[in-house]
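Enquirer: coordinates only, sequence not included:
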């Protein structure tokens, strides 16, 4: 029998208890079923169940209460493209469009990102569609578009600055208005 990880054991136990009881399961019920006797083990159980929730393998109903998710969690588009690229090792934009269900522009942008990060290389023959070949190890991490994230952070900073300036301008206007109202009782 293959060794089961602690996370898999916790997930399996939680799902079995939820199915047996026909309702969401509390963390203490899982703790008792796994015969966890000390506080540290219980804390690790809580952390693992939180990780399983973040991964979409469990759904948190209330504090300390979990149930199976509504349906299988579908991976995002980038994860689909990365899995496809690792399996096939050579792909075209059309492959990505069809198998990962993404637009041509999105697939092209993502493949260019792979090239910039040194994970892939583009091969182009005359009158043939471009082919991207995976050059990194299959175990490599999926590409992350840090440029786009930095642009979004810069946009958010700018938006915050503009909002802060607007609020300060409004505060000054209200102060001026309050002073004018206070002076309004006096006449020349």
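Expert: Perfect, thanks for sending it. Being a predicted model, the structure only gives us computed values, none of them experimental.
Enquirer: pull the number of nearby residues for residue 139.
Expert: Neighbours of residue 139 under the rule other Cβ atoms under 10 Å: 6. For glycine as for every other residue, the C-beta is placed from the backbone atoms N, C-alpha and C.
Enquirer: give me phi/psi at residue 69?
Expert: With angles defined as degrees, to the nearest 10, residue 69 sits at phi -70, psi 160.
Enquirer: OK, contacts around the nearest residue to it once chain neighbours are set aside?
Expert: Counting by Cβ to Cβ, 6 or more residues apart in numbering, residue 59 is the residue found nearest to residue 69 once chain neighbours are left out, at 4.7 Å. By Cβ atoms under 8 Å, 6 or more residues apart in numbering, residue 59 lies in contact with 53, 66, 67, 68, 69, 70.
Enquirer: and residue 59, how close does it get to residue 14?
Expert: For residue 59, the distance to residue 14 equals 11 Å [Cβ to Cβ, to the nearest Å].
Enquirer: cool, residue 174 as well?
Expert: Distance from residue 174 to residue 14, counting by Cβ to Cβ: 55 Å.
Enquirer: more crowded one of those two?
Expert: Neighbours were tallied for residue 174 and for residue 14 using other Cβ under 10 Å; the higher tally belongs to residue 14 (26 against 10).
Enquirer: ok, the more buried one touching residue 26?
Expert: No - judged on Cβ atoms under 8 Å, residue 14 makes no contact with residue 26 at a distance of 10.1 Å.
Enquirer: how about residue 88, what does it touch?
Expert: With Cβ under 8 Å, 6+ apart, residue 88 has these contacts: residue 95.
Enquirer: list just the nearest of the contacts of residue 59 to residue 92.
Expert: Checking those against residue 92 by Cβ to Cβ gives residue 69 as the nearest, at 34.1 Å.
Enquirer: can I get the contacts of residue 59 in a markdown table with neighbour count?
Expert: Below are those laid out as a markdown table (neighbours: other Cβ atoms under 10 Å):
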| residue | neighbour count |
| --- | --- |
| 53 | 14 |
| 66 | 26 |
| 67 | 17 |
| 68 | 15 |
| 69 | 14 |
| 70 | 8 |
